[in-house]
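*Asks:* Sequence and predicted model, in that order:
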Amino acid sequence: MLNTITGFEKLMQEHEVIMANTRQITGATDNLLALSDLQDSTVNFTDYQVSYLSDKRVNLKRAIASLRDGLMDHQSREEEMISPLVGITIIRAIKLQHREVLELLAEIDWILLNVSPVGILFNSSFLKQKMDIMCQLLSSHCARENSVLELLSR
């Protein structure tokens, strides 16, 4: 039982790390939005500006990929640990939300991969909206899972 409780504590700590990573990604998206506001009327970008935007896009893409990979590992451990202890309905709901989060991250990743650096700048509001939805979804999901884990650890 002690090993299970330690596992639950580790999962809850991972939830904190996940939320910190989403805040960092949101900050990077906010930076793109701020750049977009500054660049509103200019359609011609210098090579330096395009390179700068490209670097921002690559860094954001790496952060998203890192979050996605970490979430996949976390979700797998979590599902394995919780499955024997909860009903089928609860584990299905957890798996459904895990899939929703990963699909949203895949959509964001697709945008970052397929839209030019300048296009990312002009679509930063849309990207920010997607990031906000992802953060809300992850935040509420982690809170619900923490509640389940706390109940199971008693």
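*Replies:* Received the coordinates, thanks. Residues are numbered from 1 along each chain as shown.
*Asks:* now Ser83, nearest residue through space, not along the chain?
*Replies:* Ile91 (5.2 Å; CB to CB, 6 or more residues apart in numbering). Just so you know, the C-beta spots here come from the backbone N, C-alpha and C atoms, and that holds for glycine as well.
*Asks:* Counting by contacts, list what the stretch of helix or strand that neighbour belongs to packs against.
*Replies:* Ile91 is part of helix 88-114 when elements are defined by DSSP states H and E. When contacts are defined as 3 or more CB pairs under 8 Å, 6 or more residues apart in numbering; DSSP states H and E, helix 88-114 packs onto helix 47-82, helix 124-152.
*Asks:* want to throw those helices into JSON lines with mean neighbour count and mean pLDDT?
*Replies:* Formatted as JSON lines, the helices and strands packed on helix 88-114 follow (neighbours: other CB atoms under 10 Å; pLDDT from 0 to 100):
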{"stretch": "helix 47-82", "mean neighbour count": "15", "mean pLDDT": "88"}
{"stretch": "helix 124-152", "mean neighbour count": "16", "mean pLDDT": "89"}
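*Asks:* Quick one: these as JSON lines, columns for distance to Asn3 too.
*Replies:* Shown next, in JSON lines, are the helices and strands packed on helix 88-114 (distance: least, CB to CB, whole Å):
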{"stretch": "helix 47-82", "distance to Asn3": "10"}
{"stretch": "helix 124-152", "distance to Asn3": "13"}
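*Asks:* Out of those helices, which gets nearest to Ala34?
*Replies:* helix 124-152 (8.7 Å; CB to CB).
*Asks:* What is the three-state secondary structure of the residue of the chain most remote from its centre?
*Replies:* Within the chain, the residue lying farthest from the chain centre (CA atoms, centre = their mean) is Asn44, at 32.1 Å. Classification of Asn44 using DSSP: H, G, I helix; E, B strand; the rest coil returns coil.
*Asks:* I appreciate the help and will end here.
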